[in-house]
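Novice: Below: sequence and its predicted model.
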Amino acid sequence: MAVNSFGVRSKAAAKAGGSGLRLWMFAACGVVVAVAAILAFDVFSGKIGIFTPRFEIIETGANRVIKVPPGGNVQAAIERAVSGDIIELQAGATYYGEIKLPNKPLTAFVTIQSSGVSDLPADKRVGPANAVSMAKIVTRDSSPAVSAANGANHYRFVGIEFAPSTATYVYNLLLLGNGETAANLPHDIEIDRSYLHPFKSGVTRRGIALNSAATTIKNSYIEGFGFAGEETQGICGWTGTRNAKIINNYIEGGAENIMFGGSDPASADLIPTDIEIRGNHLNKPESWSKNITVKTLFELKNSKKVQFIDNLLTNNYKGSAFRITVRNQDNGAPFSTVEDILIKDNVIKNAGEGINILGKDDTYPSQTLKRLTIENNLFLNLGEGGNLEGSGYFIQIADGEDITVANNTVFNTGNTVTFYGTDPRSFVMRNNIVGHGTYGVHGLDLKSPQARAMFAGNVVVNNKSIGDGDRSVPPNSIFISDYKEIGFANPSLNDFRLAPNSKFKGKGSTVFAKF
């Protein structure tokens, strides 16, 4: 069996490991020396001293396990790895980045995981309490803990805590792509059951820069990315994002928990595209309500084919929970657009406002928003509560085409819909339960043929006790005086399905599941 200076563990040594003996093998001038540590020149540090093995390779037959001891060189292990290898880091140990994922001819994942991964069940979201079972990868300066080279592919991290180790300003804790062409994007990357957070007294602007293709972020906990005077995000992608999945994570972000867009890509083929966001909890802690720069929970400025389904969104203290606003951010991307977006089956609780839709950039040239569907969502407490700032509207909209708002249940204190600027084309709002607020549908002539085509079958609640002469109710709507008339199954237990005896049962109004 060949040996090398990185420490290849022989099969005989592997067997001996059961008795507590661990042999590390090195080649020196053709002579094999088996020692735990030797006095040698360290090619990684350039110093003479006691050489700590950088890693050991265990041949298992089916695949290889590369064990990196505390203080070992993770980068060297990654450089040595081949398709299917598992790089095992010691739980509780700290390893230093910036680790740069290289572009190698891999066809199966190289997995970088904690030795405690068995304590982190598959498909179950982790939290800070699970950090004891994780290995820690940190950055010592402003560089990312992990970045990806052009074309880097087939890397998976499982059970890793990522963080800065100093208060130095960090732009991206994980930088997965950064302006590559469509032909050489990093791709096939996974972050699973991992924990990301800033240094306790430093500023990290972004948890994950998601500018890669075929990338999955799942079952992870991303917290603390919110600061005063900083446009921060838990996850953000702006160039080249392709076929991304964000599944079953807890995510905090100050300005935006998740955003796509916000900086101009070099060409239209780098617009973030084909994105699934499902089963996540997007939250802003109560401590952020006063001093942290807060904007929204989910924002799209430039993206196509996005599915935002079955998520829980809580505590957007200032402004709207959603911003769906086309932006040619720096006037370098007139091709910017938002198209083919589905927002469905989500629960939104505590926000200053609901959904802000801008169908065309009002500052720089852009394309027009097209095909947006907002369906079967539950909005609780828009614009009401001690820490919330906003007008409490359900929807504010200007411009756009082919927009459908259907089967939503909304507890809003502000307007049902506020139209401003250019009216949207092919806007349909049907079968929603929504509050009238002070001005109902505002900014649109409800007697026009256009308005009659827009609205159908909505239940509008007179939650502000507006008199007959001041009501602005969409055509073909049912107007009631109180949400209690709806007949929800059990609101006190957060069950907003329609009860069997509800007078609206089977008439097209929303039937939202218990949460």
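Specialist: Cool, the structure landed.

Novice: what number of residues lie near Leu282?
Specialist: Counted with other Cβ atoms under 10 Å, the neighbours of Leu282 add up to 30. Glycine gets a C-beta too; all of them are placed from N, C-alpha and C.

Novice: just checking, it touches Phe308?
Specialist: No: counting by Cβ atoms under 8 Å, Leu282 does not reach Phe308; the two are 9.9 Å apart.

Novice: which neighbours do those two share?
Specialist: By the contact definition Cβ atoms under 8 Å, 6 or more residues apart in numbering, Leu282 and Phe308 are jointly contacted by Phe298.

Novice: Return the distance of the nearest residue to Phe427 once chain neighbours are set aside relative to Gly359.
Specialist: Spatially, and ignoring its direct neighbours in sequence, Phe427 is nearest to Ile403 (4.8 Å; Cβ to Cβ, 6 or more residues apart in numbering). According to Cβ to Cβ, to the nearest Å, Ile403 and Gly359 sit 8 Å apart.

Novice: Counting neighbours, go ahead and name the busier of the two.
Specialist: Gly359 (28 against 25).

Novice: Got the confidence number for Ala321?
Specialist: Looking at Ala321, its pLDDT stands at 98.

Novice: Render the CA-only coordinates of the strand or helix carrying it in CSV, please.
Specialist: In this assignment (DSSP states H and E), Ala321 forms part of strand 312-325. What follows is strand 312-325, C-alpha atoms only, in CSV (Å, rounded to 0.1, in the frame of the first residue of the first chain):
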residue,chain,number,x,y,z
LEU,A,312,-43.7,30.6,8.7
LEU,A,313,-42.8,34.4,8.8
THR,A,314,-42.8,36.3,12.1
ASN,A,315,-42.1,39.7,13.4
ASN,A,316,-41.4,42.2,10.6
TYR,A,317,-41.4,45.3,12.8
LYS,A,318,-41.2,48.0,10.2
GLY,A,319,-43.0,47.9,6.8
SER,A,320,-44.2,45.0,4.7
ALA,A,321,-43.5,41.3,5.2
PHE,A,322,-43.0,40.8,1.5
ARG,A,323,-41.4,43.1,-1.1
ILE,A,324,-41.9,42.0,-4.7
THR,A,325,-40.3,44.9,-6.4
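
Novice: Start the count at 6 instead of 1 going forward.
Specialist: Okay, residue one is now 6; in that scheme the one you just asked about reads as strand 317-330.

Novice: starting at the chain centroid, how far to that strand?
Specialist: 14 Å (Cα atoms, centre = their mean, to the nearest Å).

Novice: which residues in the stretch 206-355 of the chain form strands?
Specialist: 209-215, 218-223, 226-227, 238-242, 247-252, 255-257, 261-265, 278-283, 286-288, 301-305, 308-314, 317-330, 343-349, 352-363 (DSSP state E, counting those that start in this stretch).

Novice: I'd like to know which of these lies nearest to Ala157.
Specialist: Nearest to Ala157, of all the strands of the stretch 206-355 of the chain, is strand 218-223, at 10.8 Å by Cβ to Cβ.

Novice: For that closest one, name the packing helices and strands.
Specialist: With contacts taken as 3 or more Cβ pairs under 8 Å, 6 or more residues apart in numbering; DSSP states H and E, strand 218-223 sits against strand 192-197, strand 247-252.

Novice: Serialize those strands to CSV and add fields for distance to Asp128 and mean neighbour count.
Specialist: CSV is the format used below for the helices and strands packed on strand 218-223 (distance: least, Cβ to Cβ, whole Å; neighbours: other Cβ atoms under 10 Å):
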stretch, distance to Asp128, mean neighbour count
strand 192-197, 9, 22
strand 247-252, 9, 21
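
Novice: Which among these is found nearest to Asn262?
Specialist: With respect to Asn262, and counting by Cβ to Cβ, the nearest of the helices and strands packed on strand 218-223 is strand 247-252 at 10.3 Å.

Novice: Tell me which residues are up against that closest one.
Specialist: With Cβ under 8 Å, 6+ apart, strand 247-252 has contacts from 190, 192, 215, 217-224, 240, 242, 263, 277-285.

Novice: redo that, cut-off 6 Å
Specialist: Outside strand 247-252, the residues within contact range by Cβ atoms under 6 Å, 6 or more residues apart in numbering are 215, 218-223, 278-284.
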